[in-house]
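*Asks:* Can you look at this prediction? I've put the sequence above it.
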Amino acid sequence: MSRVPPLQLGSLQIKDKLEENGTFGAAIVRKTQRECATQIQRMLQKMRHHHPFVLCVCSKPQLLQGVYGMGFNRPSKIQETALPMMLAEPPQNLIAQSQSGTGKTAAFVLAMLSHVDPNKTYPQCLCVSPTYELALQTGKVIEQMGKHYPEVSLVYAIRGNKLQRGMKLQEQIVIGTPGTMLDWCGKFKFIDPKKIMVFVLDEADVMIATQGHQDQSIRIQRMLPKNCQMLLFSATFEETVWSFAQRIVPDPNIIKLKREEETLDTIKQYYVLCNSREEKFHSLCNIYGAITIAQAMIFCHTRKTAGWLAGELSREDHQVALLSGEMQVEQRAAVIDRFREGKEKVLVTTNVCARGIDVEQVSVVINFDLPVDKDGNPDNETYLHRIGRTGRFGKRGLAINMVDSKMSMNILNRIQEHFSKKIEKLDTDDLDEIEKISG
Ligand SMILES: Nc1ncnc2c1ncn2[C@@H]1O[C@H](COP(=O)(O)OP(=O)(O)OP(=O)(O)O)[C@@H](O)[C@H]1O
């Protein structure tokens, strides 16, 4: 992916200016709003070809205020590459892959907010996520980024959000899970799909690879106008999923990572050899004894193990939250909210929480059990998503894998081979060694 050249305006380095605590952005907003100064408009026009954040806000300076308000001064690689493609005229489709925590959500949220016409009070953008929790999280990003753009509103197409029969939605953006979104477009006609201009599939590979999600997403897609822009995003795309995505998306722009680029170097990966789940627990306690962990996520294969582990950790006086698939979705969302607020420091979970959840303070991810598919083969994609809950947006992170049998050693070796990435051994009885890896 190419980098954006520094922005020039006469002798001014606009890029540096943009990075000055957002004051420059705020000045543009104030001035543009107050007097629509032609000079500023001309400047924005000049910059729009170079700077993706400015590109989005050319006609909507309120968005720049939202972007800066979130503390974003500089776009990530995926943002600077994808935004110009998503905002080009005429609209272009995009299938984009970028590592976990690199700002994909922010990228497509900005694209949606840039595209909506606030004067039209009907849905114009649909965004489909695989889970209730992720839909809520993305909705919050839309709310934050659109904070200074009150004319644009959002509604959640998620289970439990019951609308009156016959009503027509007035919100410009609808975010939700595929089943409810399909019902709202089809059965209940709350949304007129023919008026949709942008269709986003977040975690697109799982939306395509999971049978039920795929059927629903494709049925929604078929109702949309031919020229509706399709945007597919994920950190992982298995080969078969990739080719399917290209078949369903007409003439797409493509941003694809090489296999060896998929893992982030900022996340250090280790494994620990143990003989039983009790030994794994003992290792975990040693890790906690040796390093300061802001927040941790621990992944288990089954709900039973997750429940057991959460109980053991509580007995050791850890503030633990437990999240698993059998919980009601609202309950799950509440657990994640508490964890995000730091009320609990450890989240023990199954794969239900492996993807997308963005909690900045997570400094360690533990695979108490390695991720395997239903045939017992390594689940490389889930591995990447799980460890990607740490090391968000350039931060450093630590991922520790617990290996308790020959079979799990074999799984680990295959994961290493798949990503061509060495996972180092760690002796958790050696406290100095553990301390060193956290440095
Ligand atoms: N330009 C930016 N500057 C600073 N922080 C950013 C920027 N863009 C995104 N972030 C922050 O980085 C974090 C990760 O972003 P985001 O959740 O969009 O990543 P993602 O690529 O969608 O991750 P995942 O693959 O796990 O779904 C978020 O906390 C977000 O607020």
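*Replies:* Nice, I can see it. Since the model is a prediction, treat every value here as computed from it, not as a measurement. Residues are numbered from 1 along each chain as shown.
*Asks:* Return the set of buried residues in the helix or strand where Leu126 lies.
*Replies:* Following DSSP states H and E, one finds Leu126 within strand 125-128. For strand 125-128, the neighbour count (16 or more other C-beta atoms under 10 Å) marks 125-128 as buried. (Glycine included, C-beta is placed from N, CA and C.)
*Asks:* Is any residue of the helix or strand that it is followed by near the ligand?
*Replies:* Under the assignment DSSP H and E, the closest C-terminal helix or strand after strand 125-128 is helix 132-145. No - taking C-beta under 6 Å from any ligand atom as the criterion, helix 132-145 and the ligand are apart, separated by no less than 7.0 Å.
*Asks:* Looking at the buried residues of strand 125-128, which is nearest the ligand?
*Replies:* Cys127 (12.1 Å; C-beta to the nearest ligand atom).
*Asks:* For this structure, which residues are neighbours of the ligand?
*Replies:* Residues of the chain lying near the ligand (C-beta under 6 Å from any ligand atom): 71-72, 74-76, 79, 98, 100-106, 235, 356, 358, 360, 388, 392-393.
*Asks:* In helices, which of the residues you listed fall?
*Replies:* In helices, defined here by DSSP state H, the members of the residues of the chain next to the ligand are 79, 104-106.
*Asks:* Widest-spaced pair of these?
*Replies:* Spanning the widest gap among these are Gln79 and Thr105, at 10.3 Å by C-beta to C-beta.
*Asks:* Of all residues in this structure, which one is nearest the centre?
*Replies:* The centroid of the chain falls nearest to Gly356 when counting by C-alpha atoms, centre = their mean (4.0 Å).
*Asks:* How about the backbone phi and psi for that one?
*Replies:* Main-chain dihedrals, Gly356, degrees, to the nearest 10: phi 70, psi -30.
*Asks:* Make residue 1 into 333 and carry on from there
*Replies:* In the new numbering, first residue 333, that becomes Gly688.
*Asks:* Name the nearest residue to it, sequence neighbours excluded.
*Replies:* Nearest residue to Gly688, sequence neighbours excluded (C-beta to C-beta, 6 or more residues apart in numbering): Leu466, at 4.5 Å.
*Asks:* Val684 is in contact with that neighbour, correct?
*Replies:* No - under the criterion of C-beta atoms under 8 Å, Leu466 makes no contact with Val684, lying 10.9 Å away.
*Asks:* More neighbours: which of those two?
*Replies:* With neighbours defined as other C-beta atoms under 10 Å, Leu466 and Val684 compare such that Leu466 has more, 22 against 18.
*Asks:* show me what contacts the nearest residue to Cys685 once chain neighbours are set aside?
*Replies:* Once flanking residues are discounted, Cys685 sits nearest to Leu655: 5.4 Å by C-beta to C-beta, 6+ apart. When contacts are counted by C-beta atoms under 8 Å, 6 or more residues apart in numbering, Leu655 touches 638, 664, 667-668, 679-682, 684-685.
*Asks:* Can you tell me which of those is closest to Gln397?
*Replies:* Ile668 (27.8 Å).
*Asks:* The helix or strand that contains the closest one versus helix 464-477: what angle between them?
*Replies:* Taking DSSP H and E as the definition, one finds Ile668 inside helix 661-672. Relative orientation of helix 661-672 and helix 464-477, computed by axes from the mean of the first three to the mean of the last three C-alpha atoms, to 10 degrees: 60 degrees.
*Asks:* Figure out how far helix 661-672 is from the centre of its chain.
*Replies:* 17 Å (C-alpha atoms, centre = their mean, to the nearest Å).
*Asks:* again with stretch 565-574
*Replies:* With C-alpha atoms, centre = their mean, you get 14 Å for stretch 565-574.
*Asks:* Surely Glu716 and Arg591 touch.
*Replies:* I think there's a mix-up here, since residue 716 is Leu and not Glu. No - when contacts are counted by C-beta under 8 Å, Leu716 is not listed as touching Arg591 (10.8 Å).
*Asks:* what do these two both touch?
*Replies:* Phe751.
*Asks:* coming back round to it: got the contact list for the residue nearest to Gly688?
*Replies:* Taking C-beta under 8 Å, 6+ apart, we find Leu466 in contact with 534-535, 687-689.
*Asks:* what would those look like in TSV with pLDDT?
*Replies:* Listed next are the contacts of Leu466 as TSV, based on pLDDT from 0 to 100:
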residue	pLDDT
Asp534	97
Glu535	95
Arg687	89
Gly688	89
Ile689	92
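*Asks:* farthest-separated two in these?
*Replies:* Between any two of the contacts of Leu466 (C-beta to C-beta), the greatest distance is 12.3 Å, for Asp534 and Ile689.
*Asks:* who's more crowded, those two?
*Replies:* Counted by other C-beta under 10 Å, Asp534 and Ile689 do not tie: Asp534 has more neighbours, with 26 against 22.
*Asks:* The more buried one and Glu644, how far apart?
*Replies:* 35 Å (C-beta to C-beta, to the nearest Å).
*Asks:* What residues does Thr463 make contact with?
*Replies:* So Thr463 contacts 509, 661, 684, 687-688 (C-beta under 8 Å, 6+ apart).
*Asks:* Give me the more crowded residue out of Leu716 and Arg591.
*Replies:* Leu716 (23 against 11).
*Asks:* which element follows the helix or strand in which the more buried one is found toward the C-terminus?
*Replies:* Using DSSP H and E, Leu716 falls within helix 712-719. The C-terminal neighbour of helix 712-719 among helices and strands, as given by DSSP H and E, is strand 729-735.
*Asks:* From Ile540, how far off is Asn425?
*Replies:* 15 Å.
*Asks:* for Gly674, that is, sorry about that
*Replies:* From Gly674 to Ile540 the distance is 35 Å (C-beta to C-beta).
*Asks:* what about those two, which has more around it?
*Replies:* Ile540 (23 against 12).
*Asks:* Among the residues of the chain next to the ligand, name the buried ones.
*Replies:* 404, 407-408, 411, 430, 432-438, 567, 688, 690, 720, 724.
*Asks:* can you pull out the helices in the stretch 583-732 of the chain?
*Replies:* For the stretch 583-732 of the chain, the helices defined by DSSP state H, counting those that start in this stretch cover 609-622, 635-647, 661-672, 712-719.
*Asks:* quick one: which of these is nearest His480?
*Replies:* helix 661-672 (23.4 Å).
*Asks:* Not counting that closest one itself, show me its contacts.
*Replies:* Applying C-beta under 8 Å, 6+ apart, the external contacts of helix 661-672 come out as 463-465, 468, 490-492, 627, 653-655, 659, 676, 679, 684-685, 689, 691.
*Asks:* ok so, going back, among the contacts of Thr463, which one lies nearest to the ligand?
*Replies:* Distance to the ligand across the contacts of Thr463 (C-beta to the nearest ligand atom) is lowest for Gly688, with 4.0 Å.
*Asks:* isn't that closest one right up against Ser461?
*Replies:* Yes - taking C-beta under 8 Å as the definition, Gly688 is a contact partner of Ser461 at 7.4 Å.
*Asks:* Alright, that wraps it up for me.
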